[in-house]
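Visitor: I would like to see how this sequence folds:
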Amino acid sequence: MNEKAKGYLLAVIAAATYGMNPLFALPLYADGMDPDSVLFFRYLFAIPMVGVMLKTRRGSDFHIRRKDLLPLIVLGILVALSSLTLFEAYNYMDAGIASTILFVYPIMVALIMAAVYKEKVTLQTALCLLLALSGIAMLYQGGDGVTLSLTGTLLVLGSALSYAIYIVGVNRPGLKEMATLKVTFYVLLFGVLLFVGRLWADGSVALPTRWWLWGNLVAIGLFPTAISFLCTTSAIQRIGSTPTAILGALEPLTAILFGITVFGERLTARDCMGITLILVAVTVVVAGGSITHQLVRFRKMFPRLAKKKRQRG
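Guide: Next up is the predicted model:
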């Protein structure tokens, strides 16, 4: 298998493993655990896993500059907030729908870059934003007349916004040059402090009542966190960020698949249309210039048609 093929395979694994969040989280909810407790153990188990990856990687260490400390703390809190609001949303709506709405974060990144860093918002991006909002609207009012939870929707959008701000922040000068695994390690380390504080204020930590559910906690730290981060980094190194991000569309699809096959969630035709609109909108935004480039190449395959059109004009 060549390097490019490995890159695509790693990107698929990264997206599929991240979509496993509901698979491991929902049984823990059913057992009586709350989102804070689930996420505390998720981060707690993921930290040493990523730490081992960082330690065994050639040329890597745990040293960070003093000026990078505050940005890493902020990024850690942002990621933790994104996780918390998403996992809270699972209590208000089907996990597959929540994961799909979450996938609007690339559009939010484009809007933040335009508002803060004055990057131009293209007509394509604006149209895709409308397309994604239309998809969310279709999910909000299901075909069976049941309205999607407003609280759940706002929680997922809050999760997407937190993650979008994190993506913008992690690509700023300074942290951009830091190794991805090192950033990930400290983001998880500082992020877990949010759940430590919330659980301390609450005065208790919920534990699984069945021994085998500890396996869910280990798995949620391993697959959607440690493995997903590692595969994403490796995929970007082989095929670049754009193809890796496009394959990220498999994240909500994986969550939906598990929701239907494992948890008996139901999708209406309206839900399917809304999901399709969101995935198409975000994929076009992420693909960006590559789509335009391909369309130009396609047009050049028919020079006679272009010539006739100019003559008619």
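Visitor: tell me the pLDDT at the nearest residue to Phe87 once chain neighbours are set aside?
Guide: With sequence-adjacent residues excluded and distances taken as CB to CB, 6 or more residues apart in numbering, Phe87 is closest to Pro35, at 3.9 Å. Bear in mind the C-beta positions are built from the backbone N, C-alpha and C, glycine included. At Pro35, the model reports a pLDDT of 95.
Visitor: who touches stretch 158-174?
Guide: Contacts to stretch 158-174, defined as CB atoms under 8 Å, 6 or more residues apart in numbering, come from residues 67-68, 71, 74-75, 78-79, 81-86, 89, 101-106, 108-109, 112-113, 116, 175-176, 183.
Visitor: name only those of the residues you listed that count as buried.
Guide: 68, 71, 75, 78-79, 81-86, 89, 101-106, 108-109, 112-113, 175, 183 (16 or more other CB atoms under 10 Å).
Visitor: so what's Leu230 up against?
Guide: The contact partners of Leu230, by CB under 8 Å, 6+ apart, come to 50, 53, 181.
Visitor: any chance of those in JSON lines, plus secondary structure, distance to Gly197 and neighbour count?
Guide: Putting the contacts of Leu230 into JSON lines (DSSP: H, G, I helix; E, B strand; the rest coil; distance: CB to CB, whole Å; neighbours: other CB atoms under 10 Å) gives the following:
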{"residue": "Val50", "secondary structure": "helix", "distance to Gly197": "21", "neighbour count": "22"}
{"residue": "Met53", "secondary structure": "helix", "distance to Gly197": "27", "neighbour count": "18"}
{"residue": "Leu181", "secondary structure": "helix", "distance to Gly197": "26", "neighbour count": "20"}
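Visitor: what residue is smack in the middle of this structure?
Guide: Phe103 (6.4 Å; CA atoms, centre = their mean).
Visitor: tell me which element Ala114 falls in.
Guide: For Ala114, the enclosing helix or strand under DSSP states H and E is helix 105-117.
Visitor: restricting to C-alpha, output that helix in CSV.
Guide: Extracted C-alpha coordinates of helix 105-117, given in CSV (Å, rounded to 0.1, in the frame of the first residue of the first chain):
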residue,chain,number,x,y,z
TYR,A,105,-18.1,23.8,12.6
PRO,A,106,-16.1,24.3,9.4
ILE,A,107,-18.5,27.0,8.2
MET,A,108,-18.2,28.7,11.6
VAL,A,109,-14.5,28.7,11.2
ALA,A,110,-14.9,30.5,7.8
LEU,A,111,-17.1,33.1,9.5
ILE,A,112,-14.7,33.6,12.4
MET,A,113,-11.8,34.1,10.0
ALA,A,114,-13.8,36.6,8.1
ALA,A,115,-15.0,38.6,11.1
VAL,A,116,-11.7,38.5,13.1
TYR,A,117,-9.0,38.2,10.5
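Visitor: and the helix or strand following it, what does it pack against?
Guide: As assigned by DSSP H and E, the chain's next helix or strand after helix 105-117 is helix 123-140. Counting contacts by 3 or more CB pairs under 8 Å, 6 or more residues apart in numbering; DSSP states H and E, helix 123-140 packs against helix 95-102, helix 105-117, helix 269-287.
Visitor: helix 123-140 versus helix 269-287: what angle between them?
Guide: Here helix 123-140 runs at an angle of 160 degrees relative to helix 269-287 (axes from the mean of the first three to the mean of the last three CA atoms, to 10 degrees).
Visitor: what's the average pLDDT for the following helix or strand past helix 123-140?
Guide: For helix 123-140, the succeeding helix or strand toward the C-terminus, using DSSP H and E, is helix 150-170. Helix 150-170 carries an average pLDDT of 90.
Visitor: repeat that for stretch 101-108.
Guide: Rounded mean pLDDT across stretch 101-108 is 82.
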